[in-house]
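Asks: Turn this into a model:
(2 chains)
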Amino acid sequence: MEAATARLGRGRKKRGKTYGSEERRLAALLLTPAMAVIALVAAYPIGYAVWLSLTEYSVRVPGKWRFAGFENYADAFGSSEFWSAVKNTFIFTGVSVTLELAIGLGMAIAMHEAFRGRGLLRTVVLVPWAVLTVVSAITWRTLFEPNLGLAPQLLEGVGIGENIVWLGQEGYAMAVMILADVWKTAPFMALLLLAGLQVIPDDVYDAAKVDGATTWQRFRRITIPLLMPAILVALIFRTLDALRIFDLPYVLTGGSNGTTTLSLIAHQELTTNRLIGYGSALSVLTFVIVMAVSFIYIRTVGGNIKSLAEEG
Amino acid sequence: MEASGGVVTPGTGVREGEKEREEARVVARQGPRRNWVRPLFMWIAVVFICIFCLFPFYWLINVSLKTGSDLSSSDIFPPNPTLDNYSSIFKNDNFTSALKNSVIITTVTTILALIVGSFAAYALARLRFKRKFLILALILSISTFPAIAIAAPIFKLWTDIGLYDTRIGLIIPYLTFALPLAIYILTSFFKEIPKELEEAALVDGATYFQAFRKVVLPLAAPGLVTAGLLTAFFVWNEFLLAVTLTSSPDAFTVPVSVANFTGSQKFEVPLGTISAASVVITVPLVLAVIIFQKRIVAGMTAGAVKG
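Replies: Okay, here's the model as predicted:
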C-alpha cells in the first residue's frame, strides 16, 4: 500500500487536499462516456420537455407553434381525465405495493424456512420476474377472457363476480391489473426480503427463545425491526415502478374501464392526439411526482451510496 | 451480499439448515404438537408459492397450443394440442423481424453498457476524486426517471435528425437507462475485489489500464455476467420507448410486435398466436433464470440490502 502510494506520489502535484492529478485525470476520462450518454439522453430531454410543455403546437399545420405559458398545466389541472389518471395511478400503486409487501414477506419467510430446495424455490420465484410485462398482461388477459379464461369460473365458484366481464367493467378491470402486477413483482419483493432475512444472525433468535419469546413475539420484535431497511428499499423501489406503470394497462385494457394511468394518458395525448405541448405537460407532471418519491429513495439508500463512495 | 443457502454460522461450523432442524428436534421434545405443525405450514406455503408463480405461465403455454373452437373453452389441458400457432408466427415477417431487431438491440446495448459502465464503475470504486457521492446519487436518480418524461423530446429530436424508427434510435436511450444499473452493480462488485492485488500490479510497474484489464476484469467476471444479464432483461422487456420511437417492422422490438397482434383486430383477437409469440419471447429469459439464478439474485440485491 505505502509503496504504491509512493509510486503514485511521484507524479502528483501537491496542491492542498487534491488527489494525484494522474488519478483525477483518469477518473474524469473513465467517467466521461457514461456521463455524456446520461446528459445527452436524460438531462437535455428533460429540459426540452419542460420547454415543450410551455408551448402549443398546431395539430393542422405541421411545425407551427406558439408560446403558451402555463396554459397546458392549467388545462391538465382543469381536466377530469387528468385527475382520474392520478386517482387510478395512486390506487394502483397503493393497493398493489401493499399486497406485494404482504405476499412477498410471506414468501420470503417460507423460503427462509425451507432449507431443503431453497435454490430451486428461488428459481421458481424468479419465473414471474423473468416474464415480460407485456406477456404478463397477455397472460392475465387470457386468464380473464370470458369463455377461454379459467379465473372467472373459479371466482364465480366462490361467489365473486358472477356474470361479470372482468376486463370490461370499472373496478374489476383495475382488480385484474393489480393482480397481474402482484403476480409479476411479489417474487421480486420476496427475494429482496429473503436477502434481508439471511443477514439477521441466528443468535438473536436463540437468545429470544431462551428468554421464552413466542414465535409471534420473535417475528414482531426481531424480524420486523431488523428487516426494516430491506422493507423500506423494496417498498420505494416498487412504488417508483408502480407510479410509472404503462405497459400493463396498455396491453390489458388500453386504459379503458378505469385503468388509465399518468404515463398512459401522457402517451396517448402525445402520439394518438398529437398534442405535443399538452402531452409534455402531463409528462412533466408525472416526472415531478416520480422524482419526489425518488428523492425519498435516494435519501433512504444514502448510506449505501456513501459506502460505495468511500475509499478502501 | 451473495445470498446463498449455505451460510455457515461462525463458531459452530454447523450449516444453517441443520441447525434449524436440530432446534426443531429440541422443540419437538417440549411438546408433541409443534413437531409437525411448522413443517406442514411450510410445505403448504411452498406448494402455494410454486402454483402461484408457475401456473399463469403454464396457462399461457396451454392457450398457445389451442386453436379454433378450443380457444373458447377453459380446459386446463388443450383437448387437441397443436403447434399450428407456433408455425404461423414464424411465418409472420413482422414477428421474425422483431425478433431479429430485439436480438441486435439487446446485444449491442448490453455490450456497450458493460464497456462504458465498467470504466465508470472502476473510477467510482477505486480512484480518489471529489464529489463521488454526488455523481453516484445522480447516476442512481437517472434509473428512477419515468421514460414518458423523455419520450416526447426524444421523439421530436429523432424525427428531426432521422433516428426515428431505427435500431440506433432505441439503443441510445436504452444505454442511458441501462447504465445506472450496470454502474451500480459493477461498482459494488469491483469494491469487493481486494485492492492489494491491483496495488501489487501497480508496484510491479503496471499502468492503471493494465491493472484494470489484467487484474480487475478477470476477477470481476461474475459481476459482469450479473450486470450483463440484468441489462439484457431490461432491454428485451422495455415497451414505452419502443412503442413511441418505432413505427415499422424495421425497428419494432418483440414486446411491440406482440402488443400489436392485440391491437390489429379490435374484436377478434388472435389469442392463440399471441400466446405462442409470448411464449417464444419469454422462453430465453426463463432459461437464463434457470441457469443464472444465483447471479441474477446477487444483482437484484446488490444495491438494495448492503449497508
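
Asks: Report how far apart the opening and closing residues of stretch B:232-247 are.
Replies: Across stretch B:232-247, the straight-line distance between its terminal residues is 23 Å, by CA to CA, to the nearest Å.

Asks: tell me which residues of that stretch are tucked away?
Replies: Neighbour counts over stretch B:232-247 (16 or more other CB atoms under 10 Å in any protein chain shown) mark B:232-246 as buried. Yep, even glycine has a C-beta here, placed from its N, CA and C like the rest.

Asks: what's the burial count for residue 224?
Replies: Picking chain A for this. Residues contacting residue A:224 under the criterion other CB atoms under 10 Å in any protein chain shown number 12.

Asks: my bad, chain B
Replies: 20.

Asks: Tell me who's in contact with the closest residue to it other than its chain neighbours.
Replies: Taking CB to CB, 6 or more residues apart in numbering or on different chains as the measure, residue B:224 lies nearest to residue B:114, with 5.9 Å between them; neighbours along the chain are not counted. Contacts here follow CB atoms under 8 Å, 6 or more residues apart in numbering or on different chains; on that basis residue B:114 touches B:182, B:224, B:227-228, B:231.

Asks: Quick check: residue B:114 vs residue B:229, distance?
Replies: 11 Å (CB to CB, to the nearest Å).

Asks: now residue B:83
Replies: Summarising the geometry, the distance separating residue B:83 from residue B:229, computed by CB to CB, is 30 Å.

Asks: residues near residue A:274, how many?
Replies: Residue A:274 is flanked by 14 other residues according to other CB under 10 Å.

Asks: Same check on residue A:21?
Replies: Count around residue A:21 with other CB under 10 Å applied: 12.

Asks: go on, residue B:108?
Replies: The burial metric for residue B:108, expressed as a neighbour count using other CB under 10 Å, is 17.

Asks: which SS state does the closest residue to residue B:284 other than its chain neighbours fall under?
Replies: Computed as CB to CB, 6+ apart, the closest residue to residue B:284 that is not its neighbour in sequence is residue B:236, at 8.0 Å. Here residue B:236 is recorded as helix under DSSP: H, G, I helix; E, B strand; the rest coil.

Asks: Model confidence for residue B:236, exactly?
Replies: In this prediction, residue B:236 carries a pLDDT score of 95.

Asks: Ok, the one 3 residues further on next?
Replies: Looking at residue B:239, its pLDDT reads 95.

Asks: dump the residue contacts of it.
Replies: Remark: with contacts taken as CB under 8 Å, 6+ apart, residue B:239 is in contact with A:133-134, A:246-247, A:250, B:255-256, B:259.

Asks: And the helices in the stretch 51-200 of chain A?
Replies: Assignment of helices within the stretch 51-200 of chain A using DSSP state H, counting those that start in this stretch yields the ranges A:71-78, A:80-113, A:118-130, A:133-144, A:151-157, A:172-198.

Asks: among those helices, which is the most enclosed?
Replies: Highest mean neighbour count among the helices of the stretch 51-200 of chain A (mean count of other CB atoms under 10 Å in any protein chain shown): helix A:133-144, with a mean of 27.

Asks: angle of it against helix A:118-130?
Replies: Relative orientation of helix A:133-144 and helix A:118-130, computed by axes from the mean of the first three to the mean of the last three CA atoms, to 10 degrees: 90 degrees.

Asks: Which residue would you name as the spatial centre of chain A?
Replies: Centroid-nearest residue in chain A, with CA atoms, centre = their mean: residue A:241, separated by 1.8 Å.

Asks: Spit out the contact partners of that one.
Replies: Contacts for residue A:241 (CB under 8 Å, 6+ apart) come out as residue A:185.

Asks: Just confirm it is within a helix.
Replies: Yes: Residue A:241: assigned to a helix according to three-state DSSP.

Asks: hmm, back to that, out of the contacts of residue B:114, which are buried?
Replies: In terms of neighbour count (16+ other CB under 10 Å), the buried residues within those are B:182, B:224, B:227-228, B:231.

Asks: Turn those into a markdown table, columns for secondary structure and pLDDT.
Replies: Written out in a markdown table, the entries for the buried ones among the contacts of residue B:114 read as follows (DSSP: H, G, I helix; E, B strand; the rest coil; pLDDT from 0 to 100):
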| residue | secondary structure | pLDDT |
| --- | --- | --- |
| B:182 | helix | 91 |
| B:224 | helix | 93 |
| B:227 | helix | 92 |
| B:228 | helix | 94 |
| B:231 | helix | 93 |
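
Asks: These: which two are farthest apart?
Replies: Across those, no pair lies farther apart than B:224 and B:231, at 10.3 Å, counting by CB to CB.

Asks: Closest one of the buried residues of stretch B:232-247 to residue A:191?
Replies: Distance to residue A:191, by CB to CB, is smallest for residue B:233 among the buried residues of stretch B:232-247, at 14.0 Å.

Asks: neighbouring contacts of the helix or strand encompassing that closest one?
Replies: In this assignment (DSSP states H and E), residue B:233 forms part of helix B:221-237. If you take CB under 8 Å, 6+ apart as the criterion, helix B:221-237 is touched by A:130, A:132-134, B:102, B:105-106, B:109-110, B:113-114, B:117-118, B:174, B:177-178, B:181-182, B:185-186, B:188-190, B:217, B:253-255, B:281, B:284-285, B:288, B:292, B:295-296, B:298-300, B:302.

Asks: if we can go back for a sec, what strand or helix carries the residue nearest to residue B:224?
Replies: For residue B:114, the secondary-structure element it belongs to, assigned by DSSP H and E, is helix B:93-126.

Asks: Could you list the low-pLDDT ranges of the chain?
Replies: Using chain A here. Low-confidence segments of chain A (pLDDT under 70): A:1-19, A:115, A:311-312.

Asks: could you do chain B instead?
Replies: Regions of chain B meeting the criterion pLDDT under 70 cover residues B:1-35, B:262-269, B:303-307.
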